[in-house]
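Engineer: Pasting the sequence and the predicted coordinates here, then a few questions.
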Amino acid sequence: MRSLMLVLVLIGSAQDSSRVLPEGKVPADARLGPLKDYDGYFPFDVPATKQDWETRANELRLQVRVATGLWPMPDRPKIQAQIFGRVDRPDFTVDKVAFESFPGHFVTGLLFRPKGKSGLLPAVLSPHGHEGRLWDYGKNVR
């Protein structure tokens, strides 16, 4: 019984010494406050000068990069676009395109090009969020 009391006293003192803040005090962290919703009031303070605006813009860019796991930026692979699945239309062609923008993240889309013309011409790249629709299943699959 005596050894059990000693263990309990040691555990209690270890818990007290591991506290960073006094009992009952919480850190000043906005994440511990009320959740934000669309009914809140979020005023926008317009920066007074162009320099203030640029400083704020840089702060926000860094915040977004950190929040999305892009800080520090990962190494970018060499862009190796894949063009496949051409569909011929009377005046234009549509190709499926895909490339890896950074490791494990693929950008897909459709490339519309005019047909039967040469030189510098307009083209439309339509990014698309449904990678599976653009997958190349081979020539025998429809």
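Structural biologist: Yes, it's here.

Engineer: contacts and neighbour counts: CA atoms only from here.
Structural biologist: Noted.

Engineer: who touches the longest helix seen in the chain?
Structural biologist: Across the chain, the longest stretch assigned as helix under DSSP state H is helix 50-67. Contact partners of helix 50-67, identified using C-alpha atoms under 8 Å, 6 or more residues apart in numbering, comprise Val46, Pro47, Trp71, Pro72.

Engineer: nearest to Lys25, of the residues you listed?
Structural biologist: Lys25 lies nearest to Trp71 out of the contacts of helix 50-67, by C-alpha to C-alpha, at 32.0 Å.

Engineer: so who does that closest one touch?
Structural biologist: Trp71 neighbours (C-alpha under 8 Å, 6+ apart): Leu62, Arg65.

Engineer: now with 6 Å?
Structural biologist: Trp71 makes contacts with Arg65, as judged by C-alpha atoms under 6 Å, 6 or more residues apart in numbering.

Engineer: can you start the count at 208 instead of 1 from here on
Structural biologist: In the new count, where the first residue is 208, that last one comes out as Trp278.

Engineer: That one: which element?
Structural biologist: Here Trp278 sits in a region with no helix or strand, counting by DSSP states H and E.
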